[in-house]
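Undergrad: Take this sequence and fold it.
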Amino acid sequence: MAANELVVEPDRTRIHEGEVLTLTVTGKTDIEINLRNPFDFDMSSLPKPDIEKLEGDFEILSTNEQYSILSLNRDMVGEITWTYQLAPTTTGKLTIPALSFKDAESEPIDIQVESGAPTANEQDGPRDSFIELETNKDEVYVQEQLVLTVKLFFTGNLIRGELSEPEHPHAIIESLGKQGEYTRYRDGMRYRVVERRYALFPQREGELSLQPIRFEGQARNNDGQLKLLRDNATLFDIPVKGVPAEFSGDTWLPARNLSLNESGLPENRTVSAGQNLTRTLKLQADGLPSETLPPFPEEMPDGMRAYPEKPERTTTPGSEGLASELTQTAALVPVQPGELTLPEIRIPWWDTENDTERVAVIPASTLTIEAIPGQIESLPADSPDEAGAAVDDEEKSPETTPANNEGPGFWPLVALALLGAWLATLAAWWFSRRRVQPTTGVESSGDLSEQALFRDLCEAARRGSATTTDLLVRWMAARHPEHTFHSIVDVNRFLEDKELAAEIAELQQRLFGTPEQQATVPWNGDRLVTALIRNRGATGTQGKEDRLPPLYPEGLRTSGS
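TA: Sure thing, here's the model as predicted:
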C-alpha cells in the first residue's frame with residue numbers, strides 16, 4: 001500500500017496588498033475498487049485538507065477540485081488537487097500553517113505581503129488587472145467641481161466583476177453618464193479598459209480623502225483557465241480651499257462658465273396697458289448642479305403685475321462635468337400707463353478657470369406703457385372738481401372759444417347731442433331713484449359721478465371684466481379726491497383690505513395669468529362685489545352715507561340681500 005501524501009504549493013511567496021495568491025494542494029491516497037463494477041466509486045467522499053486554518057490571515061475567494069486515479073504496482077491510488085484563490089487580510093509576514101490530509105501533513109509556508117501596488121521592477125510579469133485614478137485638478141475651492149476618472153485594466157474575458165464607487169461623507173458625487181469601454185496596450189500587453197467619470201463637489205474646506213477604489217472579478221484567459229482578478233487604488237488627498245474673501249456675491253457659485261439671458265420683451269420696448277408679456281430668464285452654468293443656482297429676484301416696479309411659473313431646473317452630465325440650467329418664465333401685465341423700469345439683475349460668480357470673480361448682468365430695461373384707446377386714466381388730486389369747473393366755465397362763456405372755430409361747426413353739435421343724452425339718462429336715473437326712496441334729497445353732480453362709477457365697477461366685477469381694476473382706481477379718485485390714486489397698488493395701500501386685495505389678485509390671474517394659473521370654472525364675482533360694497537360703506541366721508549341711497553344695482557344684488 002502506498003503512503004498518504006500531501007503537497008502544498010503557493011504560486012509565489014511575496015505579493016502586494018490587493019493581489020491574489022493561488023495555493024495548490026495535492027493529496028494522494030489508496031482507494032479500493034469494486035471488481036464487479038470498477039467504475040463505481042465516488043472520489044468526492046475522500047477527505048479534504050483542513051484549509052479553514054488559513055481564514056485568520058487569508059480570505060478564501062474560490063475553490064476548485066480535480067480528481068484522478070493512478071495505478072502504482074497494481075494498487076489504485078487516488079490523486080486530488082485543490083486550487084484555492086486567497087486574498088491576504090493584512091500586510092506583513094503571514095504564514096500558511098501545516099495542513100493535514102489523513103495521516104499526511106505539510107510544512108508551514110511564509111508569505112510576505114507588501115503594502116501598496118508593485119512597481120514595474122517588482123512585477124514578475126504583466127498584471128492581470130489594475131486600477132488607475134485621475135483628476136482634472138490638484139486642488140479645488142469648496143463646492144467646486146472636481147472630475148475624477150476611474151480606469152480598470154484587465155485581461156481575458158471578464159465573467160463577473162464589481163468595481164466600487166467613490167464615497168465621501170462631506171462631498172456630493174454625481175456620475176457623468178455611462179461607462180466607456182475600449183482597449184489599450186501597456187508594456188506590450190493588450191488590456192480591456194472600463195472607464196467611469198464622476199463629478200465631486202466637496203462641501204467642506206480642508207483635505208478631501210477618498211476611500212480606496214476596489215475591484216474584484218473573474219476572467220477566463222485564452223487557455224480557458226479561470227483567474228480571479230483583484231485590485232485597489234487610492235486617490236491622493238485633494239486640498240479644498242475656502243470661499244475667497246474678495247467674493248462679493250450672496251450665493252457662492254464656482255463655475256467654469258456662467259451666462260444670464262433674457263427674452264420675451266418687445267424690441268421697441270413699447271406695450272399697451274393690460275397687454276400680456278411673457279418674459280423668460282435663463283441662467284446657465286458649467287460645473288455646477290442646477291440645485292445650487294440662485295432664484296431670480298422677484299422685485300417689480302409699481303404698475304407692473306408679475307405671475308411667475310414654477311422654475312425649471314435641469315442638470316446634464318457630460319465628459320467635462322455637469323452643465324446646469326435654471327429657467328424662469330413669468331407673465332408680465334402692465335396696468336399703469338407711463339414708463340416702467342424693470343430692475344437690473346446681477347449674479348456674481350467665481351471663474352474657476354481664471355481664478356477671478358465675474359458678474360453676469362441683465363441691464364435694467366425701461367418700458368413705455370401706452371394707455372388703451374378710449375381708456376380714461378385715473379385723475380390726480382382735486383382734478384375732478386377742476387375739470388367740472390372748466391366744463392361749467394366753457395358752457396357759461398362761449399366767447400372763450402378760439403376765434404378760428406367760426407360758426408357752430410360739427411363738434412359743437414356733437415357735444416350738444418351728447419350733453420342732451422347725458423341729461424336724459426341722468427333724469428331717468430334720478431326719477432327711478434326717487435321711486436325707490438321718495439324721501440331722498442337732491443344730490444350733487446359729484447355724488448352722481450361717484451355713484452355711476454361704483455355701479456359700473458360692480459357690474460364689471462360681477463362679470464370678471466378686464467376693466468375692473470381701472471374702474472376701481474377711477475372710483476377711488478372720485479370717492480376720495482383728497483388723495484391720489486394712480487394704480488391698484490395705491491388703492492390697496494389706502495384701503496388695507498386683505499380680502500379685497502386677494503379678490504383683485506385672483507381676478508388678475510384669471511385674466512392675465514398662464515393657462516395653468518387661469519381657473520377653468522366660471523367666474524363668480526359675488527365675493528368681490530361684497531368686498532367693494534363693504535369698503536364703500538367704510539371709507540365714506542362723515543355723514544355722507546346717511547343721505548346716500550343704496551347703489552348696489554338690482555341685477556347685481558346677492559341672494560338674500
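Undergrad: C-alpha only now, for contacts and for neighbours.
TA: Fine.
Undergrad: which element is the residue most central in space within the chain on?
TA: Centroid-nearest residue in the chain: residue 313, 3.8 Å away (criterion: C-alpha atoms, centre = their mean). Taking DSSP states H and E as the criterion, residue 313 maps to strand 312-318.
Undergrad: That strand pairs with which strands, parallel or anti?
TA: strand 321-334 (antiparallel) (DSSP bridges).
Undergrad: Which strands and helices lie in contact with whatever helix or strand comes next after the partner strand?
TA: Sequence order places strand 338-342 as the next helix or strand after strand 321-334, per DSSP H and E. Counting contacts by 3 or more C-alpha pairs under 8 Å, 6 or more residues apart in numbering; DSSP states H and E, strand 338-342 packs against strand 365-370.
Undergrad: ok, now which ones touch the residue nearest to the centre of the chain?
TA: 290, 291, 324, 325, 326, 327 (C-alpha atoms under 8 Å, 6 or more residues apart in numbering).
Undergrad: give me the beta-bridge partners of it?
TA: The partner residues for residue 313, given DSSP bridges, come to residue 326.
Undergrad: just to revisit the earlier point, format the contacts of residue 313 as JSON lines; extra columns: neighbour count, distance to residue 468 and pLDDT.
TA: Shown next, in JSON lines, are the contacts of residue 313 (neighbours: other C-alpha atoms under 10 Å; distance: C-alpha to C-alpha, whole Å; pLDDT from 0 to 100):
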{"residue": "290", "neighbour count": "21", "distance to residue 468": "41", "pLDDT": "95"}
{"residue": "291", "neighbour count": "13", "distance to residue 468": "40", "pLDDT": "94"}
{"residue": "324", "neighbour count": "21", "distance to residue 468": "42", "pLDDT": "97"}
{"residue": "325", "neighbour count": "22", "distance to residue 468": "39", "pLDDT": "97"}
{"residue": "326", "neighbour count": "22", "distance to residue 468": "35", "pLDDT": "97"}
{"residue": "327", "neighbour count": "19", "distance to residue 468": "32", "pLDDT": "97"}
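Undergrad: Extract the CA atoms of the strand holding residue 313 and return them as PDB.
TA: Below are the C-alpha coordinates for strand 312-318, written out as PDB (Å, rounded to 0.1, in the frame of the first residue of the first chain):
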ATOM      1  CA  GLU A 312     -37.400  74.700 -14.300                       C
ATOM      2  CA  ARG A 313     -34.100  73.200 -13.300                       C
ATOM      3  CA  THR A 314     -32.100  70.800 -15.400                       C
ATOM      4  CA  THR A 315     -28.700  69.200 -15.000                       C
ATOM      5  CA  THR A 316     -26.900  67.400 -17.900                       C
ATOM      6  CA  PRO A 317     -23.800  65.300 -17.400                       C
ATOM      7  CA  GLY A 318     -21.000  65.500 -20.000                       C
END
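Undergrad: before we move on, back to that, right, and the pair among the contacts of residue 313 with maximum separation?
TA: Farthest pair in the contacts of residue 313 (C-alpha to C-alpha) is 291 and 327. Separation: 12.1 Å.
Undergrad: Show me which residues of the strand holding residue 313 are buried.
TA: Neighbour-count burial for strand 312-318 flags 313, 315, 317, 318 (criterion: 16 or more other C-alpha atoms under 10 Å).
Undergrad: contacting residues around the residue nearest to the third one when sequence neighbours are not counted?
TA: For residue 317, the nearest residue in space outside its immediate sequence neighbours is residue 176; the separation is 5.0 Å by C-alpha to C-alpha, 6 or more residues apart in numbering. The neighbourhood of residue 176, defined by C-alpha under 8 Å, 6+ apart, consists of 196, 197, 198, 199, 317, 318, 319, 321, 322.
Undergrad: Redo those as TSV? Include distance to residue 79.
TA: Compiled in TSV, the contacts of residue 176 are given as follows (distance: C-alpha to C-alpha, whole Å):
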residue	distance to residue 79
196	46
197	50
198	51
199	55
317	58
318	57
319	56
321	58
322	60
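Undergrad: Filter those down to the buried ones.
TA: Buried, going by 16+ other C-alpha under 10 Å: 196, 197, 198, 199, 317, 318, 321, 322, out of the contacts of residue 176.
Undergrad: Pick the one among the residues you listed closest to residue 155.
TA: Out of the buried ones among the contacts of residue 176, the member with the shortest distance to residue 155 (by C-alpha to C-alpha) is residue 196, at 17.9 Å.
Undergrad: what sits against that closest one?
TA: 149, 150, 151, 175, 176, 178, 179, 180 are the contacts of residue 196 under C-alpha under 8 Å, 6+ apart.
Undergrad: The fourth one: neighbour count?
TA: When you say that, I think you mean residue 175. 19 (other C-alpha atoms under 10 Å).
Undergrad: what's it in contact with, if anything?
TA: Here residue 175 is in contact with 196, 197, 198, 199, 317 (criterion: C-alpha under 8 Å, 6+ apart).
Undergrad: now the second one
TA: By C-alpha under 8 Å, 6+ apart, the residues touching residue 150 are 131, 132, 133, 134, 195, 196, 197.
Undergrad: ok, it to residue 213 distance?
TA: Taking C-alpha to C-alpha, to the nearest Å as the measure, residue 150 falls 8 Å from residue 213.
Undergrad: joint contacts of those two?
TA: With C-alpha under 8 Å, 6+ apart, residue 150 and residue 213 have common neighbours residue 131.
Undergrad: Surely residue 329 touches residue 309?
TA: Yes: between residue 329 and residue 309 there is a contact under C-alpha atoms under 8 Å: 5.7 Å.
Undergrad: Compare neighbour counts for those two and give me the winner.
TA: A count of neighbours by other C-alpha under 10 Å puts residue 329 above the other of residue 329 and residue 309, at 20 against 15.
Undergrad: what sits against the residue nearest to that one when sequence neighbours are not counted?
TA: Closest residue to residue 329 apart from its sequence neighbours, by C-alpha to C-alpha, 6+ apart: residue 280 at 4.4 Å. Contact partners of residue 280, counting by C-alpha under 8 Å, 6+ apart, are 262, 263, 264, 327, 328, 329, 330.
Undergrad: Sweet, I'm off.
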